[in-house]
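> Pasted the sequence and its predicted model underneath.
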There are 2 protein chains.
Amino acid sequence: MKFVCTQHDLNINLALVSRAVSTRPTHPVLANIKIEATSNPDLIRLTGFDLSLGIQTSFMAQVDDEGTLTLPAKLLNDIVAKLPSGEITLDDEAGENLITITSASGRYQVRGMSAEEFPELPSIEEGETNQLSAAAFIDGLKGSLVACSQDESKQVLTGVYLKVEPDRLEFAATDGHRLGIVEVYPTETETPELASEEQASSASKGSFEVTVPAKALRELEKMLGSGQEGDKLAVQLEQGQVVFGWGERKLTTRTLEGKYPDYRLLIPKQFQRQITLDRKQLLTALERIAVLSDQTNLVKFSINSETQSIDISVDSQDRGSGRESLTAQISGEQLDIAFNIKYLMDGLKTLPTQEITISLNGPLEPVILTPLGGVKMTYLVMPVQLRN
Amino acid sequence: MKFVCTQHDLNINLALVSRAVSTRPTHPVLANIKIEATSNPDLIRLTGFDLSLGIQTSFMAQVDDEGTLTLPAKLLNDIVAKLPSGEITLDDEAGENLITITSASGRYQVRGMSAEEFPELPSIEEGETNQLSAAAFIDGLKGSLVACSQDESKQVLTGVYLKVEPDRLEFAATDGHRLGIVEVYPTETETPELASEEQASSASKGSFEVTVPAKALRELEKMLGSGQEGDKLAVQLEQGQVVFGWGERKLTTRTLEGKYPDYRLLIPKQFQRQITLDRKQLLTALERIAVLSDQTNLVKFSINSETQSIDISVDSQDRGSGRESLTAQISGEQLDIAFNIKYLMDGLKTLPTQEITISLNGPLEPVILTPLGGVKMTYLVMPVQLRN
């Protein structure tokens, strides 16, 4: 294998696939990145795979000798990141798994391993493919990932439930304390001139539902967020695996088994109280008084429709107390209710609009946060019982 | 105690004195900051003290009631940092050690402790005071702190040896592997129009030598570096304590006991070889190949005066190898010599000039790095024996 590429191309692509390389690999070859050099067209393909999450990317290079090899991910990354910009040559000379990296600054040799033991990424090219809007997909991830459970014993809750229907996507996640739901309609694009193209490309080839690990979706969110690869995201599902493809890039992940809970049942049908207020103002007030909260993370809201104001307060035995007052449009009777301040702040951070609506019933019933306009997002948070 | 000040003033001064608050205090009151409010003139004085390092600072405020109190450093810092800019009021009302912080955003209460148990900072106002140039002092710290020992069992080597003479300051530090010496002449100011003023202020009131803990000097370097308090640094020494004062600020520290080694004996009188080269070019080459070095941190130099070039290389069994070649002005015979790459990089980072001189004798004798022009700085590094 021998090829010449720019330091920039190799550097950014190595950084990308390294996100799928395990820091505690179960087999030595899994600490490595697989490098494939093919000609006609001259392409370098890099793969990182921790047996659950896989990332693959390709870029153009001048390939002098085709070949495949694996190299230590961290070491290769560290070397290439520090090289000066310009052309660099990778050459395994006698095919001895010893690669020589030559740049204007000098020569570096790194020992690799044969690619034979490197597991193949799942590939489902025969299956059905759904073409989605990448921007809509990012919206869905933003509103749901925040509510995923961190508790590995609740396997299916550590992922995002994804429901793909013709012209409609639904994302949901819950850890039992809060629930995030986002509905996106990829045809309702925000750039009207693209509407017809979007409509064509979102012509779904099929409906399915799947629960995808949060870890993989967080990587996908980051990669799509850098957003240099256009607005199309292909999704393929097959027994136990999902493949996301966009541009020259591909992310594969195992899916989570088990039936996802019927979260729609949690959402109250009607509300006795409704508050409309400035999201940022509430969030910064909570951030200030959160400093004074103790391990219980308890924050108390006194909602007063007569004064059209909310008093929020934190009282902790050993740290102190803080109280702030906010004006809001409030309908319904006076209510005292308490929350886990972190769960509330998480939700407020993900809501995309300046104003939001908070819908409530009694002090122990689910509370719903929704943006005023924009994307169809629901953030449900369970109150915490107040001791007298 | 009751006073009104700006969020900005309280915030930056709290952050400053918090650096002297222990994260693992031996007594509860040492987790606190002491706040003194005095009138005529209206001043707030803050003090942090971990029994070794002390920092004190003052700022103007509107003092309604004089008083003294201590408050938890971290909690107070966290609250004040998040408050909106503008005026804030601190009030301990009935003197109950419960302070109420009122800002435009709301009210926060924090429990403090009486200042009675808070130890007094060392104060040596009757002793001799030396007035030094803060800029010259920073130069001295930069070139010496890097060579301090991290080994707490070698007490005196964990500090910087400071020799104050009329019109001359010498800083030195060594950990046994390298040695940093800086001589500064505060009267030789770089801004000629200030020369006469400098000369007057540097009129030393006495000569002394002292070894000061590196930790305290690193804090002093950071605080002087922010450089909004003018160019004068007062230094007072008394049995076991040094006090540095500038503007409204004061840093006190215990000194290190024990005789500092006679480091001048380590510096060779003459050299058989001399190299002049670009400092940055050598440093970036070392940074690249350092990636390939193993725990030995060994880097090999092949110095060739015929080709006027230096080959630098790293070979590690398990990671790989790297080599680069640099051009340099070289006098003396060919030499192979090896170094700890980290010690070499540390020295190159502190030297202030574009070009430097490396002076050598044999492969096992001390090597000296000096800047070409500028401040009088010497960085000595011991070579490492090469196995065949």
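Here it is on my side, so go on.

> contacting residues for the residue of the stretch 1-150 of chain A found nearest chain B?
Distances between the stretch 1-150 of chain A and chain B by CB to the nearest CB are smallest at residue A:106, namely 3.3 Å. C-beta coordinates here come from the backbone N, C-alpha and C atoms, glycine included. When contacts are counted by CB atoms under 8 Å, 6 or more residues apart in numbering or on different chains, residue A:106 touches B:285, B:288-289, B:322-325.

> Ranking by neighbours, what's the top pick from the residues you listed?
Among the contacts of residue A:106, the one with the most neighbours (other CB atoms under 10 Å in any protein chain shown) is residue B:322, at 26 neighbours.

> Assign a three-state SS to that one, would you?
Going by DSSP: H, G, I helix; E, B strand; the rest coil, the secondary structure assigned to residue B:322 is strand.

> Residue A:107 is in contact with that one, correct?
Yes: between residue B:322 and residue A:107 there is a contact under CB atoms under 8 Å: 7.1 Å.

> Could you list everything the residue lying closest to residue A:294 once chain neighbours are set aside pairs with in the sheet?
Among residues not flanking residue A:294 along the chain, residue A:316 sits closest, at 3.9 Å (CB to CB, 6 or more residues apart in numbering or on different chains). Listed by DSSP bridges, the beta-bridge partners for residue A:316 are residue A:320.

> contacting residues for residue A:316?
Applying CB under 8 Å, 6+ apart to residue A:316 gives the contacts A:292-294, A:296.

> Please report which of the residues you listed has the highest neighbour count.
Neighbour count (other CB under 10 Å) singles out residue A:292 as the most crowded of those, with 23 neighbours.

> how close does it get to residue A:298?
From residue A:292 across to residue A:298, the span is 11 Å (CB to CB, to the nearest Å).

> hey, what's in contact with both of the two?
Taking CB under 8 Å, 6+ apart as the contact criterion, the residues that touch both residue A:292 and residue A:298 are residue A:314.

> in chain A, which spans are helices?
In chain A, the helices defined using DSSP state H lie at A:7-18, A:73-82, A:134-145, A:195-201, A:214-226, A:279-290, A:341-350.

> Pull the distance from stretch A:28-44 to the chain's centre.
Averaging C-alpha positions (CA atoms, centre = their mean, to the nearest Å) puts stretch A:28-44 26 Å from its chain's average.

> Endpoint to endpoint, that stretch covers what distance?
Between the opening and closing residues of stretch A:28-44 we find a distance of 23 Å, counting by CA to CA, to the nearest Å.

> For residue A:85, grab phi and psi.
Dihedral pair for residue A:85: phi -70, psi 160, per degrees, to the nearest 10.

> Go through the helices of chain A and pick out the most buried.
Of those, the one with the most neighbours on average (mean count of other CB atoms under 10 Å in any protein chain shown) is helix A:134-145, at a mean of 23.

> average pLDDT for that one?
Helix A:134-145 shows a mean pLDDT of 93.

> For it, which outside residues touch it?
Taking contacts as CB under 8 Å, 6+ apart, the residues outside helix A:134-145 that touch it are A:160, A:162, A:169-173, A:180-182, A:184-186, A:189-190, A:214, A:217-218, A:220-221, A:224-225, A:227, A:229-233, A:246, A:350-352, A:375, A:377, A:379.
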